[in-house]
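Chemist: Model the structure of this input:
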Amino acid sequence: MSEVRRWRESGHLERAVETAGGPEAFEARIGQMLNEARGLAPDEMRKQRLPPEQIV
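Modeler: Next comes the predicted model:
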C-alpha cells in the first residue's frame, strides 16, 4: 500500500495546472467553476469584474 501524503504534496495540483494549459488558464477555469457554483448570471459576473464607474 502507498504511504499517506497530503494532497498538495501528491503532485495532483501540478498535473491539474499543466492539464489546464498553465497557471492563467487554471485560475480562469477555477473562477468560471466558482461562478457556476454560485449561480451567477453573466451580467452579474461582469459587474464583479468591472469597477462601478465602468458598468453600463
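
Chemist: Next one, pLDDT for R38 please.
Modeler: On pLDDT, R38 comes in at 78.

Chemist: Same check on E24?
Modeler: Reported pLDDT for E24: 94.

Chemist: in which helix or strand would I find it?
Modeler: Using DSSP states H and E, E24 maps to helix 23-38.

Chemist: And V17, by the same measure?
Modeler: helix 12-20.

Chemist: packing partners for that helix?
Modeler: helix 23-38 (3 or more CB pairs under 8 Å, 6 or more residues apart in numbering; DSSP states H and E). Backbone N, C-alpha and C define where each C-beta goes, glycine included.

Chemist: got the CA coordinates for the helix holding V17 in PDB?
Modeler: Output in PDB follows, covering the C-alpha atoms of helix 12-20 (Å, rounded to 0.1, in the frame of the first residue of the first chain):
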ATOM      1  CA  HIS A  12      -2.200  16.500  -8.300                       C
ATOM      2  CA  LEU A  13      -2.100  20.300  -8.300                       C
ATOM      3  CA  GLU A  14       0.800  20.500 -10.600                       C
ATOM      4  CA  ARG A  15      -0.800  18.000 -13.000                       C
ATOM      5  CA  ALA A  16      -4.100  19.900 -12.900                       C
ATOM      6  CA  VAL A  17      -2.400  23.200 -13.800                       C
ATOM      7  CA  GLU A  18      -0.500  21.500 -16.600                       C
ATOM      8  CA  THR A  19      -3.600  19.800 -17.900                       C
ATOM      9  CA  ALA A  20      -5.500  23.200 -17.900                       C
END
